[in-house]
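In: I'll drop the sequence and a predicted model, then ask my questions.
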Amino acid sequence: MSEEGSSRRPTTPTANNHQTNGKTSQAKTGLVPTNNVTTKEGLTVRTRIEPSLSVDDVIRQLCISLKLKDPPAMYALRDESDELVTNDNLKKKIKGKVNLKLVNAPAIEAAEIVEKLSMRDAKLGLALTSLRKLIREQQFAHEFLQRDGLRELIDVINVSHGNVLAYALTAMQNLMELDYGWAHLDNSFILKIVQILSSEHSPINVCRPATAILKRLVEADPTSASGMTAAGTSKGPPSPPPGSVYRYGFDVVFEQMRKESRLLETVVSRLGSADTTMALYRSVMMLINSLLAHASDPRWDEFIAELERLNVRKAVIRLMSSHTIEDLTSCILDFQANVVRVTFRKKTTLVEPDFEPLHQQALHFIWEKSALEEGREDAITPIKWRKLGFETEDIGHEFREVGVLGLDCLKYFVEKDPDYWAKVVQEQLSRPEERRCPIGKASNEVTDLLSEHWSIYAPGCCMLTRCWCAPADSTSTTFQPFFLNFHRVHALALHFFLRMWNESGASTDDFPRLVALTRSQVKVALKRENIRPWHEVEQEFLESEYRAVRDRQMQELEMEDDIMSKIPIRNLRAKLYKESYEFVRQQRIHCLLEGAWFMNGIPLATTVPRDTLRRPTKPWRFLRLDAGQKYLHYVDSAVKFPVRKGLEDLPERIELAMVSEVATGTCAPFPHAPGAHDYPPDLALGAGAGGSSPQLASGLSFSLLSTSGGSLADQIAPDQARWADWTDGLNMLRRDGGHVASQETELFVQALTEIGLKIKLLDLSGEKVEIPSGLVAGPPPTNSDFFFSDLAYDAAA
C-alpha cells in the first residue's frame, strides 16, 4: 500500500490514496484504483484489489496499510447494501467498482448479537433487526449457531410479545431458509408457534413469520431432503441422517396442532377477515396448501374432515370474488389443484361400512332420514338399500365407481333437506317398480358426471408414501368456484335429474337417456365458471324445462358422435390426458434446461423489509436449469451476449427448493433497458419506471417467491410463449405439484389429448371394432385350484 508523500515501495496487490479533510490525493504509484473502501472510523481510501487474491488476503493487506491494531480476523468487507464480500462474489465487486466497507467480522457481529439477546435490554429490538438481516449469511449463521445463539433466540420468542416477538420470529424464519442449524427444534418450540397462530390477538406482523415457520416445518419431512438415499419401509418414511433438518414433516406438526384445537379455525378465519393484509392472506394460503400437499395417510381423514368442517372452500371462494386478489392468484390456483387431488382420493377410496365407522355413520344417517323400514324378500334376503334406488344390497359395491366422494355427496343431499329426501323416496316407492327413479344410482351417476366435467379421473393413479397425487394434474388456469362447491352443484344436478325423470314420465329403461340429458345440462350450467354468478347456475338446474333441454340435447347429438360418451372412450381420454400432460411437462423442462434471456423486473409489492430489499442493477438476466434440476443458474448483464452451453458463464444460482410460489404479474420493466427491441413497446421503454407515471405490472412478468414472501428473482419474458414455457415449467418442477399458469399449456395438453384420441379411434373404426358401453365382470372362480398362466408370446410355438 502506498500513500501520497511516502517513499517508493515495491508494487503490492493493493494500493490506495487516503482521504484527508474531505480531499483525496492522487496516488503516485501509477496503479488504477478499483474500489473505494471505508473504515469503521469513516476514513475512505481508494484501493486497487487484485482479483486473484482471496478476501482474507485483501483484508490482511488493508489492515497492514491502514496500520490497524486489531488482527485481520476481526474484520470483514461489505458493500453499500451490506452484502458480505466472499471469495465467490469478490471478482464481481471488483469488476463493478463497488464501494466497500471494512466492518466487524461475522464472528464479532455474532458474538455481540448473542450477548444482546441474552441481556434482553432496551437494545434487544435493534439486535433482532440486525439479526434478521445477517442470519441469511452462511458465515454469520455458522458463528451464531456456534455461540448457542439459537437457544437465546428461542428464549426470546418464548418470553416476548409485540414488535420484539415479530422481529425474533422473522429472524427464525430467515434462519430456517438454510438447510442446517435448526435440526434440534423440539416439540415445545413447535407448540409455541402453534399457540401464537391460535391466538386471535396475535398481530399481523407476528402471524406472518409464525405462519412461514410452521409451513417450513411441515415441508421439512425426510422425503423432502435432497439426496436422501435411505430406503423407507412399510411402517414409515426413511430416517433422516444425524443433524439433518429434514426430520419434521406433517405428522410432527399436526401432533402439536391437535393440542390447540382452535389453530385451524383461527387460520381459516383470517382468510375471511377484512383486517387481514394481502401478505398475511398469502402466508395463510401457502400454509394451507403446504398442509394439503404433505398430509400423511394416518392423519389424512382427520385433517381433511376438519378443513371441511371449517368450510375453508367457502373462504377461498370469497377471495376469488374479491377485487384485490391479483397477488393471490397463484396461491388460489394451487389450492384448487390440491382440492382436485383431495377429490380424486375420495373418489378412489372404497366405501367399507364394516371397517370404517364414519362410513357406517353416514349410511345410517341416510337410511334413518328416509323414514323407511327394512323389508324382507325371503327369510335371508333383506330389502333395504334397494328401496333407496340402489341395484343390490351390497352397498359398498354400489359406491365402487364414486367411492367416499359419492357417499359424501348423497349425505350432503339428505342433510340439506331431510324432509324432501323422505318425501321423494316414499313417492318413488308408491309407483310401479318400472316407473321408480333409482335415486341412489342417480346420485352416483351425477357424482361421476361432475367428476368427468372437472377431470377428476386418472387411470393408473399411484398412492405414494406420505404423498398422494393424481398423475392427471389439473391444468385449469382460471378460478373454478363451482368446483369448490362440488356438493352443492351435485345437489342441484340431482334435483334436475329427478325433475326430468318426473316431467318425461321416464321408466327404468330410460335411465341412460336421463344420464345423457343431465350431462348436457351440466356442460351448459357450468360454462364460463370463472365469471358466471351462482344464481344463474341455480336457474339452469332448477328452472329449465324438459322440452327445451331435450331439444338442445338433440342438436348437440347431431354434431357429436355418441361413441365419445361411452365409458371406455372416457377412460381412454383420461389415460391420454395423463400422457399428454407428461409430454408437455418434459417439453417445458427442456426449455428450462436450454436457458433463456429475461429482462430484470422491478417488484411492485413485497413483504420483504426495506433494509433487505435488493433491486437489480443490470437490465438483463440469463437463466438456465442445471441437469440435476435442483438449481437455476444465472448471470446478470448490461447487454445480452452469447451464453455457452453448461454453467461456466453463469456464476450465480437459486436453489429451487427455496421457491415456494411462482407468482405472475408481479413486477414492472427495468427502466430504459438497452437492447429491448424484441420486447413489446411499453416494456422496451420501461413504461412507468423512473418517471412520474405510476409503475404498472407487466403481464409477462413472474417472480420466484421464497417461504418468507421475499422474491428470489423477478423476471419479464419477451413474449407469451417464453412466459408460458418458464412459469409452467417451474410450477411443474415443484414438489407440491403447483398449477399451470398459462392457457397455452392448458390448450396444448387438451389438443394433444384430442389428437391422440382421434388416432386411437381411427384404429378401432378401421377394424370395425364395436366399443361396448361397459364391461360386465364374470362370476368369480368356484375354488382356488387355479393359477395365472404366462401369456408371453412363444416364437417357437
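Out: Sure thing, it's come through. Numbers count the residues shown, from 1 in each chain.

In: Please count neighbours and contacts with C-alpha atoms only from this point.
Out: Noted.

In: Let me see the contact set for the residue nearest to Y412 when sequence neighbours are not counted.
Out: Leaving aside its sequence neighbours, Y412 sits nearest to H487 (C-alpha to C-alpha, 6 or more residues apart in numbering; 6.7 Å). Going by C-alpha atoms under 8 Å, 6 or more residues apart in numbering, H487 touches D408, C409, Y412, F413.

In: As a markdown table, those residues with neighbour count and secondary structure would be great.
Out: Listed next are the contacts of H487 as a markdown table, based on neighbours: other C-alpha atoms under 10 Å; DSSP: H, G, I helix; E, B strand; the rest coil:
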| residue | neighbour count | secondary structure |
| --- | --- | --- |
| D408 | 19 | helix |
| C409 | 23 | helix |
| Y412 | 18 | helix |
| F413 | 22 | helix |
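
In: Farthest-apart pair in the residues you listed, please.
Out: Taking C-alpha to C-alpha as the measure, these span a maximum distance of 8.6 Å, between D408 and F413.

In: where along the stretch 601-750 of the chain do the helices fall?
Out: Along the stretch 601-750 of the chain, the stretches classed as helices by DSSP state H, counting those that start in this stretch are 681-684, 720-733, 743-766.

In: Figure out which of those helices is closest to L647.
Out: Minimum separation from L647 across the helices of the stretch 601-750 of the chain (C-alpha to C-alpha) falls at helix 720-733, 18.4 Å.

In: okay, the angle between that closest one and helix 743-766?
Out: With axes from the mean of the first three to the mean of the last three C-alpha atoms, to 10 degrees defining the directions, helix 720-733 sits at 80 degrees from helix 743-766.

In: right, so the helices of the stretch 601-750 of the chain: which one is the most enclosed?
Out: Per residue and on average, the most neighbours among those fall to helix 720-733, with a mean of 21 (mean count of other C-alpha atoms under 10 Å).

In: Tell me which other helices or strands it touches.
Out: The contact analysis (3 or more C-alpha pairs under 8 Å, 6 or more residues apart in numbering; DSSP states H and E) places helix 720-733 against helix 567-594, strand 661-664, helix 743-766.

In: Swap in 7 Å and give it another go.
Out: Judged by 3 or more C-alpha pairs under 7 Å, 6 or more residues apart in numbering; DSSP states H and E, helix 720-733 is in contact with helix 567-594.

In: by contact count, what packs against the helix it packs on?
Out: Packing partners of helix 567-594 (3+ C-alpha pairs under 7 Å, 6+ apart): strand 620-625, helix 720-733, helix 743-766.

In: Of those, which shows the lowest average pLDDT?
Out: Mean pLDDT values for the helices and strands packed on helix 567-594 show the minimum at helix 743-766, a mean of 77.

In: returning to what we had before: let's have the helices of the stretch 601-750 of the chain in TSV, adding distance to S290.
Out: Putting the helices of the stretch 601-750 of the chain into TSV (distance: least, C-alpha to C-alpha, whole Å) gives the following:
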stretch	distance to S290
helix 681-684	35
helix 720-733	14
helix 743-766	24
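
In: Please name whichever of those is nearest to N104.
Out: Taking C-alpha to C-alpha, helix 720-733 is the member of the helices of the stretch 601-750 of the chain nearest to N104, at 39.2 Å.

In: from the middle of its chain, how far away would that closest one be?
Out: Relative to its chain's centre, helix 720-733 lies at 14 Å (C-alpha atoms, centre = their mean, to the nearest Å).

In: Only alpha carbons, please: show it as PDB.
Out: C-alpha atoms of helix 720-733 as PDB (Å, rounded to 0.1, in the frame of the first residue of the first chain):
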ATOM      1  CA  GLN A 720     -46.200 -15.000 -24.300                       C
ATOM      2  CA  ALA A 721     -44.600 -18.300 -25.400                       C
ATOM      3  CA  ARG A 722     -41.500 -17.900 -23.300                       C
ATOM      4  CA  TRP A 723     -43.600 -16.700 -20.300                       C
ATOM      5  CA  ALA A 724     -45.700 -19.900 -20.600                       C
ATOM      6  CA  ASP A 725     -42.700 -22.200 -21.000                       C
ATOM      7  CA  TRP A 726     -41.000 -20.900 -17.900                       C
ATOM      8  CA  THR A 727     -43.900 -20.200 -15.500                       C
ATOM      9  CA  ASP A 728     -45.400 -23.600 -16.200                       C
ATOM     10  CA  GLY A 729     -42.100 -25.400 -16.300                       C
ATOM     11  CA  LEU A 730     -41.100 -24.000 -12.900                       C
ATOM     12  CA  ASN A 731     -44.500 -24.900 -11.400                       C
ATOM     13  CA  MET A 732     -44.300 -28.400 -12.800                       C
ATOM     14  CA  LEU A 733     -40.900 -28.800 -11.100                       C
END
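
In: just for the stretch 251-400 of the chain, where's the confidence low?
Out: Per-residue confidence for the stretch 251-400 of the chain (pLDDT under 70) gives these ranges: 274-275, 323-326.
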